[in-house]
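**Student:** Build me a structure from this.
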Amino acid sequence: MERLLRITTIPLKYELKIQKARLEYKRSTTELQINREKGDMSIESHPTNLRIDTYHARNSVCPTTMESVRQSASYGKAAASEATANYAEEGALLLDPRISNPLDQIISQRAQMPTGEFGLQFLPTTGPDIEWSDPDLNIKYQMDKLSFDLKVANGDFEFIPGKIELSITQMPDVQIEYIGKPIYVPPSAANFFNHTPVDVLA
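**Tutor:** The predicted structure is shown next:
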């Protein structure tokens, strides 16, 4: 018996893409900060300080009004003390019965040439008062300062999960093809379609 049908099966076609899971490490950035602090130099100088006090030297040559009054008062007090002593001594002479002529002795003492130290002196009698301080020099120097600040951040780990992609490229199918001869209804009609054409002569 002749085979009438041809059955063709078309299978399912697909593509499978698999992406494996992976662990990625991202590097971190490192920052370096440099700070500079400038140094400085300072010089502090103190020169010699000289102090001259000429108050007493000037007063010994040309005293001020106050100093002149003070000296005059001192001289007057000394003269009064000396005169009191002289008068007391002369009064004692007058009262001494052993002296026959006390007035002559008193007059001779008063007329006697002075003896002893005279008022000869160099002026000024004292020099100036001089004070001085040593010079001073201070130098302060500070070098530049550098400071480093290193900032290192930790790296980041990223987990990327796996992935499976399924794509269908061909759907399944069944193809049925009739490969037999035509079936005529009624069957007698087959003779009409299967006749051999007759050549017609002109």
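**Student:** Show the model's pLDDT score for the residue positioned nearest the centre of the chain.
**Tutor:** Residue closest to the mean C-alpha point of the chain, counted by CA atoms, centre = their mean, is Glu37 at 5.9 Å. Looking at Glu37, its pLDDT reads 87.
**Student:** How much space separates it from Gln142?
**Tutor:** Going from Glu37 to Gln142 by CB to CB, to the nearest Å gives 9 Å. (Each C-beta comes from the backbone N, C-alpha and C, glycine too.)
**Student:** Pro11 now?
**Tutor:** 89 Å.
**Student:** ditto for Ser45
**Tutor:** According to CB to CB, Ser45 stands 18 Å off from Gln142.
**Student:** Just give me how far the longest helix along the chain sits from the chain centre.
**Tutor:** Looking across the chain with DSSP state H, the single longest helix is helix 65-95. Offset of helix 65-95 from its chain centre (CA atoms, centre = their mean, to the nearest Å): 78 Å.
**Student:** What are the buried residues along it?
**Tutor:** Using 16 or more other CB atoms under 10 Å as the test for burial, helix 65-95 gives Glu90.
**Student:** what's it packed up against?
**Tutor:** Judged by 3 or more CB pairs under 8 Å, 6 or more residues apart in numbering; DSSP states H and E, the packing partners of helix 65-95 are helix 102-110.
**Student:** and Ala57, how far is that from Pro63?
**Tutor:** Counting by CB to CB, the gap from Ala57 to Pro63 is 11 Å.
**Student:** so where do the strands sit in this structure?
**Tutor:** In the chain, the strands defined using DSSP state E lie at 5-10, 13-19, 22-26, 30-37, 40-46, 49-53, 129-133, 136-142, 145-152, 156-160, 163-170, 173-178.
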